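A.B. asks: Dropping a prediction and its sequence here:
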2 protein chains.
Amino acid sequence: MTKRQAISTEPYKGVRDFYPEDQAALSHISKVMRKVTEHFGYVEYHASVLEPAELYKAKGAENEEIVNDQTYTFTDRGGREVTLRPEMTPTVARMVAAKRRELGYPLRWYSIPNLFRYERSQRGRLREHWQLNVDIFGAKSLAADAEVIAVAYHILTGLGASGGDFIIKIGSRKYLDNLITTHNLSVEQAKVLRGLLDRRGKIPQDEFEAGVQALGVPPTALIPTEAPEDVATVLSLLREMQIENAVFDPSIVRGFDYYTGVVFEVFDTNPQNARSIMGGGRYDNLTQLFDDESVTGVGFGLGDVTLQDFLVVRNLIPAYVPPTQVYIALASQELLRDAIQLADEMHRENIAVALDFGEKKLGDQIKVATKHNIPYLIVVGEDEIKSGVFKLKNLDSGEEVMLKRDLQIGEFFRNLTTPQ
Amino acid sequence: MTKRQAISTEPYKGVRDFYPEDQAALSHISKVMRKVTEHFGYVEYHASVLEPAELYKAKGAENEEIVNDQTYTFTDRGGREVTLRPEMTPTVARMVAAKRRELGYPLRWYSIPNLFRYERSQRGRLREHWQLNVDIFGAKSLAADAEVIAVAYHILTGLGASGGDFIIKIGSRKYLDNLITTHNLSVEQAKVLRGLLDRRGKIPQDEFEAGVQALGVPPTALIPTEAPEDVATVLSLLREMQIENAVFDPSIVRGFDYYTGVVFEVFDTNPQNARSIMGGGRYDNLTQLFDDESVTGVGFGLGDVTLQDFLVVRNLIPAYVPPTQVYIALASQELLRDAIQLADEMHRENIAVALDFGEKKLGDQIKVATKHNIPYLIVVGEDEIKSGVFKLKNLDSGEEVMLKRDLQIGEFFRNLTTPQ
């Protein structure tokens, strides 16, 4: 290989490398997401990160801005405009529309895709994140709206949060439409109002109020009062499912243009974390982009970055433990074949074993086991091979047990992994 | 929303939509991959699909051709050249180099990334696929080469294949280097020879032989004879692990420039499927791109498309079963709140339940359960709510059992999911 100037080990700007500890945290979160979501009857789908650019351009004027300024869009060698998906909803709407007549409704689908945003401001915001997407299609009932909120609730509590750690704020696009009609706002003014509401947590309160007042809307109109009928029904259904930390909040509108009914966002109750953790709502017309018939949808997205921020503060990310159970070290390299046979036997007993090849001295081999957080150690020596009895050491507690090769090693780990 | 011309429901050219049945097949394969790989002590890492383009350009002349002609490379708004990764090895080498001094060796890592190739010829070849990548870093021992081959073997048998369904062909770059020296081949001729060998299964035998002869190499030099020392050691270590379907094959060289030692490919023994299912080998110098110190690596890639081709022919992809266990249908929409309570109770018993919201008549609700392949049905009616006794119907066998709400439903499903 010709010698060249060393190249950087940094990942591309704004994306993350997931070393095993990072990946384990993401896998833990994904596992809880999958378990809860599947308990509610959702099935997993997936799609490519590459989508035709027209999928995002079609959604309307507000979104065209996002497509042009905030997406990765490029032209391939065949002259096709391609976008790295910035959100999953247009993709799932496309997939549902493609098989609209074959799919049975209510249709419950989920996916955990990676999404891309080209952030111009580059203030440390990430350009790629992972996001659980949960959607029900073809159900008009407000029970569907309540169900997706319940799924979100059970994911957060399934990750160890209590109901007091977060609050579910529910708004309604219909309520907002009423407000717009009552105050005679133009299309342009309505857009400004939605934008102000959507950025409410991110801008100073007086800036928000001045903006609302400039539109002729008294800020008091946006203070929670009695919930409109749709929101009240959802709140009562949530109580049926023993979910009490949900409230009506007229300022919840969501950024995307396509929402048409109930919308919601989940906030950390810790005042130091003002940004919403997640959100969603009902969109009635998205599949109409592809087809004359519309299929109503309701769902949410839950991103890994905001979720981890919420969990880390509460110490709810478990300490890293590798899947490996036992490290086998060698007293001398001559014993490699014996060690391979032992590891092979243990693999057949469903024990996760990593084998050292004995290229370094024993002490350094054991350091590798500790560095990798592997809980148990077996050292293979001449005596152990002759006697068929091995010392299994717990590297955390220092505890040691002597186990016979043929039967007891397998039994020990079967007992260890039996659910309580 | 303004009415526009309908847009296509097709995915971007050359990529796939994964509907639940497709995703379930991919998840099944990934689950077996993870289980086997983790049993051998590997831990999962991950990285973004976006990489700086220089990562691929640096690898040498042959690869520059691939970068220019066969990758998705574009310039971002900040003027950075970005590539959608075409393979994972440069990424993992970058990540290892970045933390070279902190990581303990042997280091066993795996990942299941998606990879992109821009195929100009467009003969139905896919532009995105998923690929398990398994690597050991920092182990010189040929036992590491044997181990990664054993992992590949156990994944294929773990998916239901028998040792007779595939053959592991092992070559050696060192053997090839010998051949090149013996026949006084120039650098250019050596490259032609490697190319011929790599395409051997894809071109007619006489074309292959004529090409080899034109270089002054007798085709007999490429007929398997006694294995060179490195391959012989690997074969003997594999026999230690009871793996018998491996042979020396001097024509195995692998396409990539960076291999330096033992290389291998796995072939379907069905003559109708001549393409290799997977391959890998040892690369000694990849981390040197980033750092003066090199960390030796040995590993393989196993792609989902060729693997599924292998499995489908043998009927080794299990029939689709959703994670959902029970569908709850409503005798009338007035019972929705009662049904929500029942579903909520069942969720708390860890039963995966999908609820119909009763918007259609009962017969149509039950058709949805069948369409979604959900195995069990409960119909909520006035009598059931009053008595607290529900009829659980197996939609496949037609069998019915009457179960009391509070205790027996949970017990029934706990017994069902207890491992044998």
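C.D. replies: Okay, I see it. On a predicted model such as this, the values are computed, not experimentally measured, just so you know.
A.B. asks: send the alpha carbons of stretch A:315-322 over as PDB?
C.D. replies: What follows is stretch A:315-322, C-alpha atoms only, in PDB (Å, rounded to 0.1, in the frame of the first residue of the first chain):
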ATOM      1  CA  ASN A 315     -29.800   8.100  35.600                       C
ATOM      2  CA  LEU A 316     -32.000   5.800  33.600                       C
ATOM      3  CA  ILE A 317     -29.500   4.500  31.100                       C
ATOM      4  CA  PRO A 318     -28.200   1.200  32.500                       C
ATOM      5  CA  ALA A 319     -24.400   0.700  33.000                       C
ATOM      6  CA  TYR A 320     -22.700  -0.900  30.000                       C
ATOM      7  CA  VAL A 321     -22.600  -4.700  30.200                       C
ATOM      8  CA  PRO A 322     -21.400  -6.600  27.100                       C
END
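A.B. asks: Run the contact check for that stretch versus chain B.
C.D. replies: Yes: contact check for stretch A:315-322 against chain B, using Cβ under 8 Å from any Cβ of the partner chain: residues in range are residue A:322. In this view, the C-beta of every residue, glycine as well, is placed from N, C-alpha and C.
A.B. asks: Give me the distance from that stretch to the chain's centre.
C.D. replies: In this view, stretch A:315-322 has its centroid 16 Å away from the chain centroid, taken as Cα atoms, centre = their mean, to the nearest Å.
A.B. asks: Tell me which residues of that stretch come out buried.
C.D. replies: Applying a neighbour-count criterion of 16 or more other Cβ atoms under 10 Å in any protein chain shown, the buried positions in stretch A:315-322 are A:316-317, A:320, A:322.
A.B. asks: Now the element after the helix or strand containing residue A:307, going C-ward?
C.D. replies: Element membership of residue A:307 [criterion: DSSP states H and E] is helix A:304-313. Next along the chain after helix A:304-313, taking DSSP H and E as the criterion, comes strand A:326-330.
A.B. asks: how about the helices of the stretch 151-300 of chain A, start to end?
C.D. replies: When secondary structure is read from DSSP state H, counting those that start in this stretch, the stretch 151-300 of chain A shows helices at A:173-182, A:187-198, A:205-214, A:229-240.
A.B. asks: which one of these has the most crowded surroundings?
C.D. replies: Greatest average neighbour count among the helices of the stretch 151-300 of chain A goes to helix A:229-240 (a mean of 18), per mean count of other Cβ atoms under 10 Å in any protein chain shown.
A.B. asks: helices or strands up against that one?
C.D. replies: Taking 3 or more Cβ pairs under 8 Å, 6 or more residues apart in numbering or on different chains; DSSP states H and E as the contact definition, the neighbouring helices and strands of helix A:229-240 are helix A:142-158, strand A:166-172, strand A:246-248, strand A:262-268, helix B:336-348.
A.B. asks: circling back to that earlier point, residue B:215: which of the helices of the stretch 151-300 of chain A is closest?
C.D. replies: helix A:187-198 (67.5 Å; Cβ to Cβ).
A.B. asks: Quick check: which helices or strands does the closest one pack against?
C.D. replies: Packing contacts for helix A:187-198, counted by 3+ Cβ pairs under 8 Å, 6+ apart, involve helix A:173-182, helix A:205-214.
A.B. asks: Repeat the analysis, applying 10 Å as the threshold.
C.D. replies: In this structure, helix A:187-198 packs against helix A:61-70, helix A:173-182, helix A:205-214, with contacts taken as 3 or more Cβ pairs under 10 Å, 6 or more residues apart in numbering or on different chains; DSSP states H and E.
A.B. asks: Please export the C-alpha coordinates of stretch A:395-412 as PDB.
C.D. replies: What follows is stretch A:395-412 as a C-alpha-only set of coordinates in PDB (Å, rounded to 0.1, in the frame of the first residue of the first chain):
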ATOM      1  CA  LEU A 395     -14.100 -10.500  38.000                       C
ATOM      2  CA  ASP A 396     -16.400  -8.000  39.800                       C
ATOM      3  CA  SER A 397     -16.700  -9.800  43.200                       C
ATOM      4  CA  GLY A 398     -13.600 -11.900  43.000                       C
ATOM      5  CA  GLU A 399     -15.700 -14.900  43.900                       C
ATOM      6  CA  GLU A 400     -14.400 -18.200  42.500                       C
ATOM      7  CA  VAL A 401     -16.100 -21.600  41.800                       C
ATOM      8  CA  MET A 402     -14.600 -24.800  40.600                       C
ATOM      9  CA  LEU A 403     -16.600 -26.400  37.800                       C
ATOM     10  CA  LYS A 404     -16.300 -29.700  35.900                       C
ATOM     11  CA  ARG A 405     -16.000 -29.200  32.200                       C
ATOM     12  CA  ASP A 406     -18.600 -31.500  30.900                       C
ATOM     13  CA  LEU A 407     -21.700 -30.700  33.000                       C
ATOM     14  CA  GLN A 408     -21.200 -28.000  35.600                       C
ATOM     15  CA  ILE A 409     -20.100 -25.100  33.400                       C
ATOM     16  CA  GLY A 410     -23.300 -25.300  31.300                       C
ATOM     17  CA  GLU A 411     -25.500 -25.700  34.400                       C
ATOM     18  CA  PHE A 412     -23.900 -22.700  36.200                       C
END
